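**Student:** sequence below, structure please.
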Amino acid sequence: MQWTNDDIVAYIRRCYADDNHAYAEVVENFGGDVLLDSHLPMLDLVDELARDWQAMDPADERYAGLTYALRRLVRAWLHPNIEI
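**Tutor:** Next up, the predicted model:
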């Protein structure tokens, strides 16, 4: 399956939402201190890039580079040998 750019961004946003729900449950059960060393801040930044991409005009000079970066991030999330 060849993923479109919209598929890539939708996947990133879904993963971020799923992780937020999981972390909310952890915080509820164990307290907020357990998140101090989590990867949630990084995921927040990745989601911010995905939102920026959704609002970006394809004519923007950053569009191609951001598209490439988001594709690589999803590829790492899935498996490095899967072509998307």
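
**Student:** could you say what helices and strands the helix or strand harbouring Ala22 packs with?
**Tutor:** Element membership for Ala22, per DSSP states H and E: helix 5-30. Applying 3 or more CB pairs under 8 Å, 6 or more residues apart in numbering; DSSP states H and E, one finds that helix 5-30 makes contact with helix 40-55, helix 63-78. All C-beta spots, glycine's among them, are computed from the backbone N, C-alpha and C.

**Student:** other SSEs contacting the first one?
**Tutor:** Contact analysis of helix 40-55 by 3+ CB pairs under 8 Å, 6+ apart lists helix 5-30, helix 63-78 as its packing neighbours.

**Student:** that one versus helix 63-78: what angle between them?
**Tutor:** Taking axes from the mean of the first three to the mean of the last three CA atoms, to 10 degrees, one finds that helix 40-55 is oriented at 140 degrees with respect to helix 63-78.

**Student:** who's in contact with helix 40-55?
**Tutor:** Residues outside helix 40-55 that contact it (CB atoms under 8 Å, 6 or more residues apart in numbering): 5, 9, 12-13, 15-16, 19-20, 23, 63, 66-67, 69-70, 73.

**Student:** follow-up on the earlier one: redo the helices and strands packed on helix 40-55 as a markdown table? Include mean neighbour count and mean pLDDT.
**Tutor:** Shown next, in a markdown table, are these (neighbours: other CB atoms under 10 Å; pLDDT from 0 to 100):
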| stretch | mean neighbour count | mean pLDDT |
| --- | --- | --- |
| helix 5-30 | 14 | 83 |
| helix 63-78 | 14 | 89 |
